[in-house]
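Engineer: Output the structure for:
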Amino acid sequence: MRTLGQKRAEFALNKVADIPQDKKEKFKPFSAGAPSMILQNGFGQALAFWIAKGKNEHMTMFNIVKEWLCRNNLTTGQNATEFIKNISQMEQTQYLTAQKETLALLEWVKRYANAGL
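Structural biologist: Alright, predicted model coming up:
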């Protein structure tokens, strides 16, 4: 049986490996700052900012987070609007759990992006 940490690492590796090589140069520094953006501005605010920016690296990160949280039944949402709406309507404990899980995932994303994988 694999731990949640192992599943998280494998998911992050697969997602970073799927990023086209020409997009990885912009994704790498963005991935390094994404966790601090969440901690400084708030979880929902950071997600909304990434959607608003709409650049490839922002949407790639948003989609990684969205897929992971939905896959692990922490929230739902067929598209960005539904996902953000569901995040904004969570109870505080659910919201903090989703934020904590996102930060744990982003540590793996950041490591793999920095490794050039």
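
Engineer: Quick check: mean pLDDT of the longest helix anywhere in the chain?
Structural biologist: Longest helix in the chain by number of residues (criterion: DSSP state H): helix 92-114. Average pLDDT, helix 92-114: 96.

Engineer: Mind listing residues that contact it?
Structural biologist: 5, 8-9, 11-13, 15-17, 19, 24, 27-28, 31-32, 34-35, 38-39, 43-44, 61, 64-65, 68-69, 72, 74-75, 87, 90 (Cβ atoms under 8 Å, 6 or more residues apart in numbering). To be clear about C-beta, it is placed using only N, CA and C from the backbone, and glycine gets the same treatment.

Engineer: Show me what counts as buried in stretch 65-76.
Structural biologist: Going by neighbour count (16 or more other Cβ atoms under 10 Å), the buried part of stretch 65-76 is 65-66, 68-69, 72, 74-75.

Engineer: Quick one: distance of that stretch to the chain centre.
Structural biologist: Chain-centre distance of stretch 65-76: 10 Å, with Cα atoms, centre = their mean, to the nearest Å.

Engineer: From start to finish, how long is it in a straight line?
Structural biologist: Its start and end residues considered, stretch 65-76 measures 12 Å (Cα to Cα, to the nearest Å).
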